[in-house]
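Chemist: My questions concern the predicted model and sequence given below.
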Amino acid sequence: MSEPVVSANERAAAQEQATLEHATPERIAPARDVRGSHLGRMLTIARNAFREAVRDRVLYNLVLFVLGLTVVSIFVGELSAGQEAKIIVDLGLSAMLLFGTFIAIFVGVGLVYKEIERRTVYAIFSKPVGRGEFLVGKYLGLCLTLALNVAVMGLGISLALLYVGGGSLALSIWPAVLLIFMELMILTAVALLFSSFSTPALSALLTFFIFIIGHFSADLRSFSASMGTQSSRFFFGALYYLLPNLSNYSFITPAAYGQTPDARMLLGSLAYAVVYSAVLLSAATLIFNRRNFK
Amino acid sequence: MNKEDKNLSEAHSSRRRSTVALILLIVVGMIAVYGLSRWMDEHRPQASAAVEEERLYLTGQAARRVSLSFNGLIADWYWMRALQYVGRKVLKHETTNAKVQLDDLGSLDLRLLYPLLDTTTTLDPQFMAAYEYGAVVLPEINVDDAIRLLQKGINANPSAWRLYHHLGYIYWQRGDYQRAGEIYQEGARIPGAAPWMGVMSARIMTEGGSRATAREMYGRMYEQSDDEQVKRMAALRLMQLDSLDERELIRKVLNEYQSRTSRCASAWKDVFGALRAVQGLRLDQTGAPLDPSDTPYVLVKGGCDVDLSGRSQVPYK
């Protein structure tokens, strides 16, 4: 007797539903327990979002990355006049940012949309799961995927650096790797915000624009300083503070010279990423709460 | 109120509470983001010279090859990058030092400017603004780079007589009047060239670095340029030339006063009558002569000489 054909996504959704049922045995939990189960439910959703990303072969990009890096490590020595370690850092970290950005955008915009499209969202919301919990869970799941992606890529770069004799850089790149991960955290939250009210294609486009603008923040600031009128200065100044300042996380070039950001800036950047993502997730929840799935 | 109504009302108020909490979180979060941004802007360490002045990855030719058919767009991007590179350096310099002129940026260590302009003009060889900018700014950094850029422009645009004007300006500025005159002459032979190119050639050949030649040079530059920065630089240089003429006239009056009274003037009112009689000089209400930026000149060396005021916009150098 043949087994019914079930897609990986449907399996993931069924598993998520089953896990949620298991995680929330009481339909109406006592008030004391709610605080604890909030986190539990979010972590369950996060775990399933991660599993789903793995099943969707999102992490296959790592194979491509490692292959590319191996080829570059072997051949770059012939072409770079003694700059192979620097080029590996530049290329490796840039690829890490690029691959991460594509994952954050294209997986991020589909996180919510796919659940609505497959109608699994009805099953999830029929359980005592808040929409905010659902969004934060999905966000954490993708962040976990990105963390794994970034960590494996960082390890690959470190190994390549050891191979070409750039031992000191093999360690000093890790703060830059951490900054890239923080940037991806913000981008994931941006993608999730847009996908809470828009189609995946438009959300991806808008998130990509934010990625571009975010890297020109410093120019936006000097632009606002050079403006003649008070109103235009205010407008560009407000844009500078309102849009995510992703240039705070650009540390690839200094990392290639063995420089590391100082601990205060690293903490400041982490605080900025966490607070900014929290704001975006709050806005996404606010919008998502008002959506009618009927 | 029955139990169902009560539950509904509780659900409503819970939803309202959650909305208010979320809005509050967004507002507080944005305030925190603002504070964090300001803190990071203030505490951001200066980028090291190695990072700031990192050489361009791609040569102009390589950039042209990989740009597909977007070379015009990428040239625009490199052009803006060149302007921002200079602008950032100028702003940084002016926070601790006096204002600098566009044609006097030698102290700013603009080592990336030539590669940026070279890439811009390789991607788009008809990018006249880049050649003009290079002709004005590059000579103070590396005159050979400036000449190389302009020669490249002339090779790519043999009918662009303005490029001969810019190249002639570079040679004139470095005091090679013979070569500058020859270049203006070459430019004057191009069909459609402005008639003053030939006149300029003759003038440079005969008068070299005279003030009249300089006035003609900057006057033409002001007239021909579309670049506001170049226009402003030319205007300032014209003001400087006028001021040099004015200061000579004032010095003459002060010398006459000194030889007549055997002492230097203690204030402008001592020479008010004589200054008023000089044609072309403008005086303010106190009798002090005004420079071309409408700032009064000041008496120096105990009233025996005249100089620009510190507030004047007329360049010193």
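Modeler: That came through fine.
Chemist: which secondary structure element contains the residue in chain A positioned nearest to chain B?
Modeler: Among all residues of chain A, A:Val279 sits closest to chain B, at 3.5 Å; criterion: C-beta to the nearest C-beta. To be clear about C-beta, it is placed using only N, CA and C from the backbone, and glycine gets the same treatment. With elements delineated by DSSP states H and E, A:Val279 resides in helix A:263-289, which encompasses its position.
Chemist: what residues does stretch A:105-122 touch?
Modeler: In this structure, residues lying in contact with stretch A:105-122 by C-beta atoms under 8 Å, 6 or more residues apart in numbering or on different chains are A:9-10, A:13, A:16-17, A:49, A:53, A:56, A:58, A:124, A:134-135, A:138-139, A:141-142, A:145, A:187-188, A:190-192, A:194-196, A:199-200, A:203-204, A:207-208, A:211, A:288, A:293.
Chemist: All the strands of the stretch 101-250 of chain A, in order from the start?
Modeler: Using DSSP state E, counting those that start in this stretch, no strands are found in the stretch 101-250 of chain A.
Chemist: For it, which residues score under the pLDDT cut-off?
Modeler: A:226-228 (pLDDT under 70).
Chemist: That one: helices as residue ranges?
Modeler: Secondary structure of the stretch 101-250 of chain A (DSSP state H, counting those that start in this stretch): helices at A:110-117, A:120-125, A:131-164, A:167-172, A:174-195, A:200-215, A:217-226, A:230-242.
Chemist: same check, this time on the stretch 201-317 of chain B
Modeler: B:211-224, B:228-261, B:272-277.
Chemist: What residues sit buried inside the shortest one?
Modeler: Looking back up the chat, that one is helix B:272-277. B:Phe272, B:Ala274, B:Leu275 (16 or more other C-beta atoms under 10 Å in any protein chain shown).
Chemist: who's in contact with the second one?
Modeler: Pointing back at B:Ala274 there. Applying C-beta under 8 Å, 6+ apart to B:Ala274 gives the contacts B:Val253, B:Glu256, B:Tyr257.
Chemist: Give the burial count for the second one, as a bare number.
Modeler: By that I understand B:Glu256. 12 (other C-beta atoms under 10 Å in any protein chain shown).
Chemist: same check, this time on the first one
Modeler: Residues near B:Val253, counting by other C-beta under 10 Å, number 20.
Chemist: Return the per-residue confidence for it.
Modeler: Looking at B:Val253, its pLDDT reads 90.
Chemist: residues touching it, list them.
Modeler: B:Val271, B:Ala274, B:Leu275, B:Val278.
Chemist: I'd guessed B:Ile147 sits against B:Ile170; true?
Modeler: Yes - under the criterion of C-beta atoms under 8 Å, B:Ile147 makes contact with B:Ile170 at 5.9 Å.
Chemist: of the two, who's got more company?
Modeler: Legend: neighbour count by other C-beta under 10 Å for B:Ile147 and B:Ile170, higher for B:Ile170 (22 against 19).
Chemist: Please tell me how far the more buried one sits from B:Arg189.
Modeler: For B:Ile170, the distance to B:Arg189 (C-beta to C-beta, to the nearest Å) stands at 19 Å.
Chemist: How about A:Asp56?
Modeler: 69 Å.
Chemist: Check A:Glu84 too.
Modeler: Here the criterion is C-beta to C-beta. By it, A:Glu84 lies 52 Å from B:Arg189.
Chemist: Which one's more surrounded, the two?
Modeler: A:Glu84 (23 against 12).
Chemist: Does that one touch A:Tyr163 like I think?
Modeler: No - judged on C-beta under 8 Å, A:Glu84 makes no contact with A:Tyr163 at a distance of 9.4 Å.
Chemist: For the stretch 51-200 of chain A, which residues are neighbours of chain B?
Modeler: With C-beta under 8 Å from any C-beta of the partner chain as the criterion, the stretch 51-200 of chain A meets chain B at residues A:Gly132.
Chemist: one step back: mind checking pLDDT for the closest residue to the residue of chain A closest to chain B other than its chain neighbours?
Modeler: Residue nearest to A:Val279 in three dimensions, not counting chain neighbours: B:Gly29, with 3.5 Å by C-beta to C-beta, 6 or more residues apart in numbering or on different chains. On pLDDT, B:Gly29 comes in at 93.
Chemist: B:Gly29: what's it in contact with?
Modeler: Going by C-beta under 8 Å, 6+ apart, B:Gly29 touches A:Val275, A:Tyr276, A:Ala278, A:Val279, A:Ser282.
Chemist: Which secondary structure element is home to the nearest residue to the third one once chain neighbours are set aside?
Modeler: Looking back up the chat, that one is A:Ala278. Leaving aside its chain neighbours, A:Ala278 sits nearest to B:Gly29 (5.5 Å; criterion: C-beta to C-beta, 6+ apart). Using DSSP H and E, B:Gly29 maps to helix B:3-43.
Chemist: How far off centre is that helix?
Modeler: 49 Å (C-alpha atoms, centre = their mean, to the nearest Å).
Chemist: And for stretch A:201-214?
Modeler: Centre-to-centre, stretch A:201-214 and its host chain are 13 Å apart (C-alpha atoms, centre = their mean).
Chemist: Is that stretch in proximity to chain B?
Modeler: No - Stretch A:201-214 does not reach chain B (C-beta under 8 Å from any C-beta); its nearest approach is 12.2 Å.
Chemist: Next, the buried residues of that stretch.
Modeler: For stretch A:201-214, by 16+ other C-beta under 10 Å, it's A:Ser203, A:Ala204, A:Leu206, A:Thr207, A:Phe208, A:Ile210, A:Phe211, A:Gly214.
Chemist: before we move on, what about stretch A:247-265?
Modeler: Neighbour-count burial for stretch A:247-265, counted by 16+ other C-beta under 10 Å, picks out A:247-256, A:258-261, A:265.
Chemist: restrict those to those near chain B?
Modeler: Counting by C-beta under 8 Å from any C-beta, A:Asn248, A:Thr253, A:Pro254, A:Gln259, A:Met265 from these sit close to chain B.
Chemist: which helices and strands sit right next to the helix holding A:Val279?
Modeler: Judged by 3 or more C-beta pairs under 8 Å, 6 or more residues apart in numbering or on different chains; DSSP states H and E, helix A:263-289 is in contact with helix A:131-164, helix A:174-195, helix B:3-43.
Chemist: Pipe those into a markdown table and attach distance to B:Arg311 per row.
Modeler: Formatted as a markdown table, those follow (distance: least, C-beta to C-beta, whole Å):
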| stretch | distance to B:Arg311 |
| --- | --- |
| helix A:131-164 | 56 |
| helix A:174-195 | 46 |
| helix B:3-43 | 31 |
